[in-house]
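J.: sharing a model prediction with you, sequence too.
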Amino acid sequence: MQSEIIGRKAEQEELLRCYNSKQSEFVIVYGRRRVGKTFLVINTLNQFFSFYYTGSHSAPKQRQLARFGEVLHTYGLPDVPELKNWYEAFDALQQLITILPASSRKVIFFDEMPWIGGSNSEFVSALEDFWNTWAMLRSDVCLIACGSSTSWMVDHLIENQGGLHGRITSRIYLRPFNLGETEQFLVSKGCDWDRYQITQCYMCFGGVPFYLNLIRPDLSLAQNVDVLYLNPGAILHNEFSELYGALFGGKEIYGDVVRFLAQHHMGCTRQEIMKGVGCQGGALTKVLTNLINSDFIIGYNQYGHKKKGTIYCLTDMFTLFYLRFVETRSVLDSNVWQRMITTTQVKVWQGLCFEIVALRHVECIKHALGLTAVSTRSSTWRSSGKEGKQGTQIDLVIERADRIIHLCELKFSVEPISITADYEQKLRNRMALFRAETQTRKSLVTTFVTTYGVLPGRHSAIVNSQVTLDDLFKMEID
(Lines give C-alpha, C1' and ligand atoms only; values in the text may rest on other atoms or scores of the structure.)
Protein backbone atom coordinates (compact mmCIF):
# COMPACT_ATOMS: atom_id res chain seq x y z
CA MET A 1 0.00 0.00 0.00
CA GLN A 2 2.93 2.33 0.58
CA SER A 3 3.58 2.64 -3.16
CA GLU A 4 0.23 4.45 -3.54
CA ILE A 5 1.50 7.46 -1.62
CA ILE A 6 2.74 10.38 -3.72
CA GLY A 7 5.75 12.08 -2.15
CA ARG A 8 5.71 12.06 1.68
CA LYS A 9 8.85 9.92 1.74
CA ALA A 10 10.36 11.52 4.86
CA GLU A 11 7.01 11.50 6.68
CA GLN A 12 6.43 7.85 5.85
CA GLU A 13 9.92 6.91 7.02
CA GLU A 14 9.31 8.72 10.31
CA LEU A 15 6.05 6.86 10.90
CA LEU A 16 7.78 3.55 10.26
CA ARG A 17 10.65 4.54 12.55
CA CYS A 18 8.17 5.18 15.35
CA TYR A 19 6.43 1.89 14.66
CA ASN A 20 9.72 -0.01 14.82
CA SER A 21 10.95 1.85 17.90
CA LYS A 22 11.85 -0.09 21.03
CA GLN A 23 10.07 2.42 23.24
CA SER A 24 6.57 3.88 23.42
CA GLU A 25 6.08 6.76 20.98
CA PHE A 26 3.63 9.68 21.05
CA VAL A 27 3.35 10.92 17.45
CA ILE A 28 1.60 14.07 16.27
CA VAL A 29 0.48 14.28 12.62
CA TYR A 30 -0.97 17.67 11.76
CA GLY A 31 -1.55 20.06 8.88
CA ARG A 32 -4.39 21.81 7.10
CA ARG A 33 -7.62 20.07 6.14
CA ARG A 34 -7.65 17.99 2.92
CA VAL A 35 -3.86 17.60 2.83
CA GLY A 36 -3.78 13.80 3.22
CA LYS A 37 -2.90 13.19 6.88
CA THR A 38 -5.31 10.29 7.38
CA PHE A 39 -4.35 8.81 4.01
CA LEU A 40 -0.68 8.87 5.00
CA VAL A 41 -1.21 7.13 8.34
CA ILE A 42 -3.66 4.53 7.02
CA ASN A 43 -1.58 3.65 3.96
CA THR A 44 1.55 3.31 6.06
CA LEU A 45 0.37 1.54 9.23
CA ASN A 46 -3.21 0.38 8.70
CA GLN A 47 -2.35 -3.31 8.94
CA PHE A 48 -0.81 -2.71 12.37
CA PHE A 49 -3.68 -0.79 14.00
CA SER A 50 -4.72 -2.03 17.44
CA PHE A 51 -7.31 0.74 17.79
CA TYR A 52 -8.50 3.44 15.40
CA TYR A 53 -11.01 6.08 16.43
CA THR A 54 -12.15 9.15 14.49
CA GLY A 55 -13.70 12.15 16.18
CA SER A 56 -17.08 13.43 15.01
CA HIS A 57 -17.48 17.08 14.17
CA SER A 58 -19.75 18.92 16.63
CA ALA A 59 -20.92 15.64 18.21
CA PRO A 60 -21.74 15.95 21.94
CA LYS A 61 -19.49 14.30 24.49
CA GLN A 62 -21.84 11.38 25.25
CA ARG A 63 -22.21 10.51 21.56
CA GLN A 64 -18.42 10.55 21.18
CA LEU A 65 -18.07 8.26 24.21
CA ALA A 66 -20.76 5.89 22.97
CA ARG A 67 -19.03 5.60 19.62
CA PHE A 68 -15.69 5.11 21.38
CA GLY A 69 -17.16 2.14 23.23
CA GLU A 70 -18.51 0.66 20.01
CA VAL A 71 -15.06 0.86 18.39
CA LEU A 72 -13.45 -0.76 21.44
CA HIS A 73 -15.82 -3.70 21.05
CA THR A 74 -15.07 -3.92 17.32
CA TYR A 75 -11.36 -4.22 18.08
CA GLY A 76 -11.91 -7.09 20.53
CA LEU A 77 -12.86 -5.80 23.99
CA PRO A 78 -15.65 -8.20 24.95
CA ASP A 79 -17.57 -6.35 27.66
CA VAL A 80 -17.58 -2.58 27.25
CA PRO A 81 -19.43 -0.74 30.01
CA GLU A 82 -21.34 2.48 29.39
CA LEU A 83 -18.63 5.15 29.36
CA LYS A 84 -19.54 8.19 31.45
CA ASN A 85 -16.36 10.23 30.94
CA TRP A 86 -13.03 10.17 29.14
CA TYR A 87 -11.14 8.73 32.10
CA GLU A 88 -13.36 5.64 31.88
CA ALA A 89 -12.86 5.56 28.12
CA PHE A 90 -9.07 5.46 28.44
CA ASP A 91 -9.33 2.84 31.21
CA ALA A 92 -11.29 0.68 28.77
CA LEU A 93 -8.65 1.31 26.09
CA GLN A 94 -6.01 0.06 28.53
CA GLN A 95 -8.03 -3.12 28.99
CA LEU A 96 -8.14 -3.66 25.22
CA ILE A 97 -4.37 -3.19 24.86
CA THR A 98 -3.72 -5.52 27.79
CA ILE A 99 -5.50 -8.49 26.17
CA LEU A 100 -3.57 -8.15 22.90
CA PRO A 101 -0.54 -10.41 22.26
CA ALA A 102 2.43 -9.27 24.32
CA SER A 103 4.79 -9.57 21.36
CA SER A 104 2.84 -7.18 19.11
CA ARG A 105 3.35 -3.44 18.68
CA LYS A 106 0.21 -1.58 19.81
CA VAL A 107 -0.65 1.15 17.32
CA ILE A 108 -3.38 3.49 18.62
CA PHE A 109 -4.64 6.02 16.07
CA PHE A 110 -6.82 8.98 17.06
CA ASP A 111 -7.97 10.79 13.92
CA GLU A 112 -9.43 14.32 14.07
CA MET A 113 -8.49 14.60 17.74
CA PRO A 114 -9.56 18.28 17.90
CA TRP A 115 -13.11 17.11 17.16
CA ILE A 116 -12.88 14.70 20.08
CA GLY A 117 -11.37 17.12 22.55
CA GLY A 118 -12.79 20.43 21.37
CA SER A 119 -12.86 22.79 24.31
CA ASN A 120 -13.40 19.85 26.69
CA SER A 121 -10.41 19.97 29.02
CA GLU A 122 -11.42 16.59 30.48
CA PHE A 123 -10.37 14.77 27.29
CA VAL A 124 -6.88 16.27 27.30
CA SER A 125 -6.52 15.58 31.04
CA ALA A 126 -7.59 11.97 30.55
CA LEU A 127 -5.16 11.63 27.64
CA GLU A 128 -2.38 13.00 29.84
CA ASP A 129 -3.24 10.48 32.54
CA PHE A 130 -3.39 7.60 30.03
CA TRP A 131 0.03 8.44 28.60
CA ASN A 132 1.91 9.43 31.76
CA THR A 133 0.69 6.71 34.12
CA TRP A 134 0.42 3.79 31.71
CA ALA A 135 1.36 3.99 28.00
CA MET A 136 4.68 5.81 28.43
CA LEU A 137 5.80 3.25 31.02
CA ARG A 138 5.46 0.46 28.48
CA SER A 139 7.71 -0.06 25.50
CA ASP A 140 5.17 -1.30 22.93
CA VAL A 141 2.71 1.57 22.39
CA CYS A 142 2.72 3.82 19.33
CA LEU A 143 0.07 6.50 19.88
CA ILE A 144 -0.69 8.64 16.82
CA ALA A 145 -2.76 11.80 17.24
CA CYS A 146 -3.93 13.41 14.01
CA GLY A 147 -5.87 16.63 13.43
CA SER A 148 -6.62 19.36 10.91
CA SER A 149 -7.10 22.14 13.43
CA THR A 150 -3.46 23.12 13.62
CA SER A 151 -4.11 25.68 16.33
CA TRP A 152 -5.72 23.03 18.57
CA MET A 153 -2.93 20.53 17.96
CA VAL A 154 -0.29 23.13 18.80
CA ASP A 155 -2.04 24.60 21.84
CA HIS A 156 -3.21 21.36 23.47
CA LEU A 157 -0.48 18.89 22.49
CA ILE A 158 2.72 20.34 21.04
CA GLU A 159 2.91 23.38 23.33
CA ASN A 160 1.03 21.78 26.21
CA GLN A 161 2.25 23.26 29.49
CA GLY A 162 0.60 20.60 31.65
CA GLY A 163 0.98 16.85 31.84
CA LEU A 164 1.92 16.44 28.16
CA HIS A 165 4.72 18.99 28.26
CA GLY A 166 7.77 17.39 26.66
CA ARG A 167 5.94 14.11 26.10
CA ILE A 168 5.57 14.30 22.31
CA THR A 169 8.27 12.10 20.79
CA SER A 170 7.67 12.87 17.09
CA ARG A 171 6.01 15.67 15.13
CA ILE A 172 5.01 15.14 11.50
CA TYR A 173 3.74 18.27 9.77
CA LEU A 174 2.10 17.61 6.41
CA ARG A 175 2.18 20.42 3.88
CA PRO A 176 0.37 20.67 0.53
CA PHE A 177 2.18 19.18 -2.45
CA ASN A 178 4.87 21.16 -4.20
CA LEU A 179 4.85 21.44 -8.00
CA GLY A 180 6.84 18.22 -8.50
CA GLU A 181 4.51 16.22 -6.27
CA THR A 182 1.48 17.80 -7.94
CA GLU A 183 2.81 16.69 -11.32
CA GLN A 184 3.37 13.15 -10.08
CA PHE A 185 -0.13 13.03 -8.61
CA LEU A 186 -1.79 14.29 -11.80
CA VAL A 187 0.21 11.88 -13.96
CA SER A 188 -0.94 9.02 -11.72
CA LYS A 189 -4.53 10.11 -12.45
CA GLY A 190 -3.91 10.07 -16.20
CA CYS A 191 -3.74 13.84 -16.77
CA ASP A 192 -1.55 14.37 -19.83
CA TRP A 193 -0.68 18.02 -19.17
CA ASP A 194 2.57 19.88 -19.69
CA ARG A 195 4.24 21.79 -16.86
CA TYR A 196 2.79 25.12 -17.93
CA GLN A 197 -0.73 23.68 -17.56
CA ILE A 198 0.17 21.96 -14.29
CA THR A 199 1.37 25.30 -12.94
CA GLN A 200 -1.94 26.87 -13.98
CA CYS A 201 -3.69 23.99 -12.20
CA TYR A 202 -1.57 24.66 -9.11
CA MET A 203 -2.69 28.27 -9.19
CA CYS A 204 -6.34 27.19 -9.05
CA PHE A 205 -6.23 24.25 -6.64
CA GLY A 206 -2.90 24.54 -4.85
CA GLY A 207 -1.10 21.35 -3.91
CA VAL A 208 -4.03 20.02 -1.88
CA PRO A 209 -4.43 16.28 -2.65
CA PHE A 210 -8.20 16.24 -2.00
CA TYR A 211 -8.82 18.96 -4.58
CA LEU A 212 -6.42 17.44 -7.08
CA ASN A 213 -8.11 14.08 -6.71
CA LEU A 214 -11.40 15.61 -7.87
CA ILE A 215 -9.87 16.51 -11.24
CA ARG A 216 -11.13 14.47 -14.18
CA PRO A 217 -8.45 13.54 -16.74
CA ASP A 218 -11.06 13.37 -19.52
CA LEU A 219 -11.70 17.10 -19.17
CA SER A 220 -9.42 20.04 -19.92
CA LEU A 221 -8.07 22.13 -17.04
CA ALA A 222 -10.54 24.94 -17.83
CA GLN A 223 -13.44 22.47 -17.88
CA ASN A 224 -12.33 21.04 -14.52
CA VAL A 225 -12.26 24.52 -12.99
CA ASP A 226 -15.81 25.13 -14.21
CA VAL A 227 -17.10 21.78 -12.99
CA LEU A 228 -15.47 21.97 -9.56
CA TYR A 229 -15.83 25.69 -8.79
CA LEU A 230 -18.20 27.60 -11.01
CA ASN A 231 -20.94 25.42 -12.49
CA PRO A 232 -24.25 24.98 -10.65
CA GLY A 233 -23.76 22.31 -7.97
CA ALA A 234 -19.94 22.66 -8.02
CA ILE A 235 -18.47 20.59 -5.19
CA LEU A 236 -15.95 23.26 -4.15
CA HIS A 237 -18.29 26.23 -4.34
CA ASN A 238 -18.84 26.31 -0.55
CA GLU A 239 -15.44 24.92 0.40
CA PHE A 240 -14.08 28.21 1.72
CA SER A 241 -16.55 28.54 4.59
CA GLU A 242 -16.32 24.83 5.40
CA LEU A 243 -12.51 24.90 5.37
CA TYR A 244 -12.04 27.96 7.56
CA GLY A 245 -14.93 26.99 9.81
CA ALA A 246 -13.45 23.55 10.49
CA LEU A 247 -9.93 24.85 11.05
CA PHE A 248 -10.63 27.96 13.08
CA GLY A 249 -13.94 27.29 14.80
CA GLY A 250 -15.93 29.65 12.59
CA LYS A 251 -14.12 32.75 13.89
CA GLU A 252 -14.74 35.44 11.28
CA ILE A 253 -11.48 37.26 11.95
CA TYR A 254 -9.57 34.59 10.00
CA GLY A 255 -11.69 35.23 6.92
CA ASP A 256 -11.31 38.98 7.42
CA VAL A 257 -7.51 38.72 7.49
CA VAL A 258 -7.18 36.54 4.38
CA ARG A 259 -9.69 38.70 2.48
CA PHE A 260 -7.66 41.79 3.36
CA LEU A 261 -4.40 40.14 2.29
CA ALA A 262 -6.03 38.92 -0.93
CA GLN A 263 -6.50 42.56 -1.89
CA HIS A 264 -2.80 43.30 -1.38
CA HIS A 265 -0.78 40.83 -3.44
CA MET A 266 2.50 42.49 -2.41
CA GLY A 267 1.74 41.67 1.22
CA CYS A 268 1.11 43.82 4.27
CA THR A 269 2.86 44.65 7.50
CA ARG A 270 1.28 43.86 10.85
CA GLN A 271 0.36 47.52 11.26
CA GLU A 272 -1.39 47.56 7.89
CA ILE A 273 -3.34 44.41 8.75
CA MET A 274 -4.24 45.83 12.16
CA LYS A 275 -5.62 48.97 10.55
CA GLY A 276 -7.39 47.05 7.79
CA VAL A 277 -9.27 44.48 9.90
CA GLY A 278 -9.54 46.19 13.27
CA CYS A 279 -7.78 43.45 15.21
CA GLN A 280 -4.68 44.02 17.28
CA GLY A 281 -2.45 42.85 20.12
CA GLY A 282 -2.33 39.22 21.15
CA ALA A 283 -5.51 38.39 19.23
CA LEU A 284 -3.93 39.39 15.91
CA THR A 285 -0.70 37.60 16.81
CA LYS A 286 -2.62 34.37 17.38
CA VAL A 287 -4.54 34.74 14.10
CA LEU A 288 -1.39 35.36 12.07
CA THR A 289 0.46 32.52 13.81
CA ASN A 290 -2.37 30.06 13.16
CA LEU A 291 -2.64 31.09 9.51
CA ILE A 292 1.12 30.63 9.06
CA ASN A 293 1.05 27.26 10.84
CA SER A 294 -1.79 26.15 8.55
CA ASP A 295 0.12 27.18 5.39
CA PHE A 296 -2.33 29.89 4.35
CA ILE A 297 0.07 32.81 4.68
CA ILE A 298 3.81 33.31 5.00
CA GLY A 299 5.66 35.94 6.99
CA TYR A 300 8.63 37.34 5.09
CA ASN A 301 11.29 39.56 6.59
CA GLN A 302 11.96 42.82 4.81
CA TYR A 303 15.58 43.20 3.77
CA GLY A 304 17.38 45.38 6.28
CA HIS A 305 14.57 45.21 8.86
CA LYS A 306 14.11 43.20 12.00
CA LYS A 307 11.06 41.07 12.77
CA LYS A 308 8.77 44.06 13.27
CA GLY A 309 9.08 44.74 9.55
CA THR A 310 7.68 41.34 8.56
CA ILE A 311 5.54 41.29 5.41
CA TYR A 312 2.59 38.90 5.57
CA CYS A 313 1.46 37.49 2.25
CA LEU A 314 -1.50 35.26 1.42
CA THR A 315 0.01 32.26 -0.38
CA ASP A 316 -2.72 29.61 -0.27
CA MET A 317 -3.68 29.10 -3.91
CA PHE A 318 -7.16 27.78 -3.17
CA THR A 319 -8.01 30.82 -1.04
CA LEU A 320 -6.60 33.25 -3.61
CA PHE A 321 -8.55 31.69 -6.46
CA TYR A 322 -11.74 31.34 -4.46
CA LEU A 323 -11.80 34.95 -3.25
CA ARG A 324 -10.90 36.31 -6.69
CA PHE A 325 -13.18 34.30 -8.96
CA VAL A 326 -15.70 32.23 -6.98
CA GLU A 327 -16.90 34.25 -4.01
CA THR A 328 -17.44 37.32 -6.17
CA ARG A 329 -19.89 35.50 -8.47
CA SER A 330 -23.45 35.75 -7.19
CA VAL A 331 -24.82 33.45 -9.91
CA LEU A 332 -23.20 30.19 -10.98
CA ASP A 333 -22.97 29.66 -14.72
CA SER A 334 -21.68 26.92 -17.00
CA ASN A 335 -18.39 27.32 -18.87
CA VAL A 336 -17.39 30.55 -17.09
CA TRP A 337 -13.69 29.78 -16.78
CA GLN A 338 -13.49 28.46 -20.33
CA ARG A 339 -14.65 31.90 -21.50
CA MET A 340 -12.36 33.79 -19.12
CA ILE A 341 -9.14 31.80 -19.43
CA THR A 342 -7.62 33.96 -22.22
CA THR A 343 -8.71 37.33 -20.82
CA THR A 344 -6.29 39.99 -19.61
CA GLN A 345 -7.83 39.75 -16.14
CA VAL A 346 -6.83 36.09 -15.80
CA LYS A 347 -3.38 36.63 -17.33
CA VAL A 348 -2.63 39.41 -14.84
CA TRP A 349 -3.85 37.20 -11.99
CA GLN A 350 -1.64 34.33 -13.18
CA GLY A 351 1.35 36.65 -13.21
CA LEU A 352 0.71 37.60 -9.59
CA CYS A 353 0.16 33.96 -8.65
CA PHE A 354 3.45 32.92 -10.21
CA GLU A 355 5.24 35.23 -7.80
CA ILE A 356 3.64 33.30 -4.93
CA VAL A 357 4.47 29.96 -6.56
CA ALA A 358 8.11 31.06 -6.65
CA LEU A 359 8.03 32.08 -2.98
CA ARG A 360 6.66 28.63 -2.16
CA HIS A 361 9.59 27.05 -4.02
CA VAL A 362 12.52 29.13 -2.80
CA GLU A 363 14.59 26.03 -2.00
CA CYS A 364 14.23 24.89 -5.62
CA ILE A 365 15.40 28.32 -6.78
CA LYS A 366 18.45 28.19 -4.52
CA HIS A 367 19.26 24.70 -5.73
CA ALA A 368 19.03 25.79 -9.36
CA LEU A 369 21.40 28.67 -8.61
CA GLY A 370 23.93 26.28 -7.07
CA LEU A 371 23.57 27.74 -3.58
CA THR A 372 23.21 24.50 -1.62
CA ALA A 373 26.70 24.84 -0.15
CA VAL A 374 26.37 28.56 0.62
CA SER A 375 24.54 29.99 3.61
CA THR A 376 21.68 32.20 2.38
CA ARG A 377 18.87 34.33 3.73
CA SER A 378 15.66 35.06 1.83
CA SER A 379 13.61 38.21 2.25
CA THR A 380 11.54 40.77 0.40
CA TRP A 381 12.23 44.47 -0.04
CA ARG A 382 10.08 47.57 -0.27
CA SER A 383 11.38 50.90 -1.43
CA SER A 384 10.45 53.75 0.84
CA GLY A 385 9.51 55.85 -2.16
CA LYS A 386 10.89 58.98 -0.51
CA GLU A 387 12.39 62.08 -2.06
CA GLY A 388 10.20 61.96 -5.13
CA LYS A 389 11.32 58.45 -6.07
CA GLN A 390 8.70 55.97 -7.13
CA GLY A 391 8.18 53.18 -4.59
CA THR A 392 8.84 49.64 -5.75
CA GLN A 393 9.14 46.13 -4.34
CA ILE A 394 11.33 43.13 -4.97
CA ASP A 395 9.39 40.02 -4.00
CA LEU A 396 12.44 37.82 -3.50
CA VAL A 397 15.89 38.87 -2.35
CA ILE A 398 18.44 36.10 -1.73
CA GLU A 399 21.43 37.26 0.27
CA ARG A 400 24.47 34.97 0.23
CA ALA A 401 27.16 34.61 2.86
CA ASP A 402 29.79 35.28 0.17
CA ARG A 403 28.52 38.88 -0.14
CA ILE A 404 26.39 38.49 -3.25
CA ILE A 405 22.72 39.47 -3.35
CA HIS A 406 20.28 38.09 -5.94
CA LEU A 407 17.49 40.52 -6.84
CA CYS A 408 14.91 38.16 -8.32
CA GLU A 409 12.49 39.07 -11.10
CA LEU A 410 9.53 36.65 -11.17
CA LYS A 411 7.70 36.37 -14.51
CA PHE A 412 5.01 33.97 -15.80
CA SER A 413 4.83 33.88 -19.57
CA VAL A 414 3.77 31.49 -22.29
CA GLU A 415 7.04 32.20 -24.11
CA PRO A 416 10.64 33.26 -23.29
CA ILE A 417 11.03 36.79 -21.92
CA SER A 418 12.48 39.44 -24.23
CA ILE A 419 14.50 42.20 -22.54
CA THR A 420 13.90 45.54 -24.24
CA ALA A 421 15.94 48.70 -23.73
CA ASP A 422 13.24 50.12 -21.46
CA TYR A 423 13.06 46.91 -19.44
CA GLU A 424 16.83 46.84 -19.02
CA GLN A 425 16.79 50.43 -17.77
CA LYS A 426 14.00 49.63 -15.35
CA LEU A 427 16.06 46.80 -13.87
CA ARG A 428 19.15 49.00 -13.59
CA ASN A 429 17.13 51.73 -11.89
CA ARG A 430 15.72 49.23 -9.43
CA MET A 431 19.20 47.94 -8.62
CA ALA A 432 20.46 51.47 -8.06
CA LEU A 433 17.50 52.28 -5.82
CA PHE A 434 18.07 49.12 -3.78
CA ARG A 435 21.76 49.99 -3.30
CA ALA A 436 21.00 53.60 -2.38
CA GLU A 437 18.28 52.81 0.16
CA THR A 438 19.93 49.78 1.77
CA GLN A 439 23.45 51.26 1.49
CA THR A 440 24.77 47.78 0.86
CA ARG A 441 28.29 47.31 -0.42
CA LYS A 442 27.68 43.75 -1.51
CA SER A 443 27.58 42.69 -5.16
CA LEU A 444 24.11 42.85 -6.73
CA VAL A 445 23.02 40.46 -9.47
CA THR A 446 19.74 40.18 -11.34
CA THR A 447 18.15 36.73 -11.40
CA PHE A 448 15.13 35.88 -13.54
CA VAL A 449 12.68 33.18 -12.41
CA THR A 450 10.49 32.50 -15.44
CA THR A 451 8.59 29.77 -17.22
CA TYR A 452 10.81 29.44 -20.28
CA GLY A 453 13.83 31.66 -19.62
CA VAL A 454 15.14 34.84 -21.24
CA LEU A 455 15.75 35.32 -24.95
CA PRO A 456 19.35 36.20 -25.84
CA GLY A 457 19.71 39.74 -27.11
CA ARG A 458 21.62 42.99 -26.82
CA HIS A 459 19.84 43.90 -23.57
CA SER A 460 19.76 40.46 -21.92
CA ALA A 461 23.24 40.85 -20.38
CA ILE A 462 21.50 42.51 -17.41
CA VAL A 463 20.33 39.02 -16.45
CA ASN A 464 23.13 37.32 -14.50
CA SER A 465 21.35 34.02 -13.81
CA GLN A 466 18.13 32.24 -14.68
CA VAL A 467 15.75 29.74 -13.10
CA THR A 468 13.05 28.16 -15.25
CA LEU A 469 9.80 26.35 -14.56
CA ASP A 470 11.51 22.97 -14.86
CA ASP A 471 13.73 23.90 -11.90
CA LEU A 472 10.66 24.56 -9.72
CA PHE A 473 9.39 21.02 -10.40
CA LYS A 474 12.35 19.35 -8.73
CA MET A 475 10.74 17.22 -6.02
CA GLU A 476 13.68 16.54 -3.75
CA ILE A 477 16.49 18.92 -2.93
CA ASP A 478 19.74 17.23 -1.93
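T.: Done, it's in. Residues are numbered from 1 along each chain as shown.
J.: show me this protein divided up by domain.
T.: Listed by automatic domain parsing, the domain ranges of the chain are 2-173, 179-357, 361-472.
J.: compute the first-to-last residue distance for the shortest one.
T.: Counting by C-alpha to C-alpha, to the nearest Å, the length from the leading to the trailing residue of domain 361-472 is 6 Å.
J.: from the chain's centre, how far out does stretch 416-434 sit?
T.: Put simply, stretch 416-434 sits 33 Å off its chain's centre (C-alpha atoms, centre = their mean, to the nearest Å).
J.: buried ones in it?
T.: Across stretch 416-434, burial judged by 16 or more other C-beta atoms under 10 Å covers 417, 419, 424, 427, 430-431, 433-434. The C-beta positions use only the backbone N, C-alpha and C, and glycine is treated the same way.
J.: show me the two of those residues that sit farthest apart.
T.: 417 and 433 (21.3 Å; C-beta to C-beta).
J.: residue ranges with poor pLDDT in the stretch 301-450 of the chain?
T.: Within the stretch 301-450 of the chain, the ranges that satisfy pLDDT under 70 run 306-308, 385-391.
J.: secondary structure element for the most centrally placed residue in the chain?
T.: The centroid of the chain falls nearest to residue 295 when counting by C-alpha atoms, centre = their mean (3.4 Å). Assigned by DSSP states H and E, residue 295 falls within no helix or strand.
J.: please list all residues in contact with it.
T.: Applying C-beta atoms under 8 Å, 6 or more residues apart in numbering, we find residue 295 in contact with 31-32, 175-176, 315-316.
J.: count the residues that sit near residue 272.
T.: 15 (other C-beta atoms under 10 Å).
J.: ok, and what's touching the one helix or strand it maps to?
T.: Element membership of residue 272, judged by DSSP H and E, is helix 270-277. Under the contact criterion C-beta under 8 Å, 6+ apart, helix 270-277 has outside partners 253, 256-257, 260-261, 264, 268, 279-280, 284, 288, 308, 310, 312.
J.: residues of the helix or strand that it is followed by that come out buried?
T.: Counting by DSSP H and E, the element after helix 270-277 in chain order, helix or strand, is helix 281-293. Neighbour-count burial for helix 281-293, counted by 16+ other C-beta under 10 Å, picks out 284, 287-288, 290-291, 293.
J.: format those as JSON lines; extra columns: pLDDT.
T.: What follows is those, written out as JSON lines (pLDDT from 0 to 100):
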{"residue": "284", "pLDDT": "94"}
{"residue": "287", "pLDDT": "93"}
{"residue": "288", "pLDDT": "94"}
{"residue": "290", "pLDDT": "91"}
{"residue": "291", "pLDDT": "94"}
{"residue": "293", "pLDDT": "87"}
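J.: and these as JSON lines, adding distance to residue 143?
T.: Formatted as JSON lines, these follow (distance: C-beta to C-beta, whole Å):
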{"residue": "284", "distance to residue 143": "34"}
{"residue": "287", "distance to residue 143": "30"}
{"residue": "288", "distance to residue 143": "31"}
{"residue": "290", "distance to residue 143": "24"}
{"residue": "291", "distance to residue 143": "28"}
{"residue": "293", "distance to residue 143": "22"}
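J.: quick one: which of those is nearest to residue 15?
T.: Looking across the buried residues of helix 281-293 and measuring by C-beta to C-beta, the closest to residue 15 is residue 293, at 20.7 Å.
J.: what's the closest non-adjacent residue to the closest one?
T.: The shortest distance from residue 293 to any non-neighbouring residue, by C-beta to C-beta, 6 or more residues apart in numbering, is to residue 150 (4.7 Å).
J.: contact partners for that neighbour?
T.: 30-32, 247, 290, 293-294 are the contacts of residue 150 under C-beta under 8 Å, 6+ apart.
J.: least confident of these?
T.: For these, the model is least confident at residue 247; its pLDDT is 83.
J.: PyMOL command for the buried members of the contacts of residue 150?
T.: Here is the PyMOL command that picks out the buried ones among the contacts of residue 150, judged by 16+ other C-beta under 10 Å:
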select buried, resi 30+31+32+247+290+293+294
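J.: ok, back up a step: which of the contacts of helix 270-277 ranks first by neighbour count?
T.: Neighbour max across the contacts of helix 270-277 (other C-beta under 10 Å) = residue 261, 26 neighbours.
J.: inside strands: which ones of the contacts of helix 270-277?
T.: Helix and strand membership here follows DSSP state E; of the contacts of helix 270-277, those in strands are 268, 312.
J.: which other helices and strands contact the strand or helix carrying residue 64?
T.: Under the criterion of DSSP H and E, residue 64 resides in helix 61-74. Under the contact definition 3 or more C-beta pairs under 8 Å, 6 or more residues apart in numbering; DSSP states H and E, helix 61-74 sits against strand 49-54, helix 86-99.
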